[in-house]
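> quick one, what's the 3D model for this:
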Amino acid sequence: MREMQSPDGGYYSSLDADSEHEEGKFYVWTPGEVRALLTADEYAVIEPHYGLDGAPNFEGKHWHLRVNKPLRFIAARTGKSAEDCKRLLAHAKLKLLAKRAQRVWPARDDKILVAGTL
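A predicted model of the protein is given here:
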C-alpha cells in the first residue's frame, strides 16, 4: 500500500528489483547496517526476528528482512515482555524505513491496470 498505491486509488504495476544497477540494493541489509541504526534493545529484537543471526538469505552477503522467529520466541529468549518486543520492533522498523527512504529508489512502472466484468 505504502509504495504501490496511486494517490488516485489504483495500484501501480511493479517496482524494479534493481537500483543503482545492483539487484536488490534498495531492499537488502547487512547486520552492521541495521545495528548502526538501532539501540541495543531494538537490535536484540530485530536480529532474531529477521534472521540476522543466521546465514544471509540474498546472494550470499545480504539479508532481505523477512520474519524468521516470532516475537513470542524473542520475548522468551530476552526476558522482555511480548509488548516490549512489539514496541521495540515497531520503533526499529520506523528507523529502517526512514533510512531505506534515503536510498536510490528503484524504478516504478506507474501503469495502473484494471479488470472488470460487465
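> for residue 90, grab phi and psi.
Reported as degrees, to the nearest 10, the phi and psi values for residue 90 are phi -60, psi -40.
> distance check, it against residue 111.
Plainly put, residue 90 is 33 Å away from residue 111 if you go by C-beta to C-beta, to the nearest Å. C-beta coordinates here come from the backbone N, C-alpha and C atoms, glycine included.
> now do residue 39
Counting by C-beta to C-beta, the gap from residue 39 to residue 111 is 41 Å.
> cool, residue 43 as well?
Counting by C-beta to C-beta, the gap between residue 43 and residue 111 amounts to 39 Å.
> so between the two, which is more surrounded?
Neighbours were counted for residue 43 and for residue 111 using other C-beta atoms under 10 Å; residue 43 has more, 18 against 10.
> and what about the residue nearest to the more buried one when sequence neighbours are not counted, helix, strand or coil?
Spatially, and ignoring its direct neighbours in sequence, residue 43 is nearest to residue 35 (5.3 Å; C-beta to C-beta, 6 or more residues apart in numbering). The local conformation at residue 35, judged by DSSP: H, G, I helix; E, B strand; the rest coil, is helix.
> what is the burial count for residue 35?
Using other C-beta under 10 Å, residue 35 has 16 neighbouring residues.
> per-residue confidence for it?
Each residue has a pLDDT score; the one for residue 35 is 98.
> go ahead and confirm it touches residue 44.
No: with contacts defined as C-beta atoms under 8 Å, residue 35 does not count as touching residue 44, sitting 10.3 Å away.
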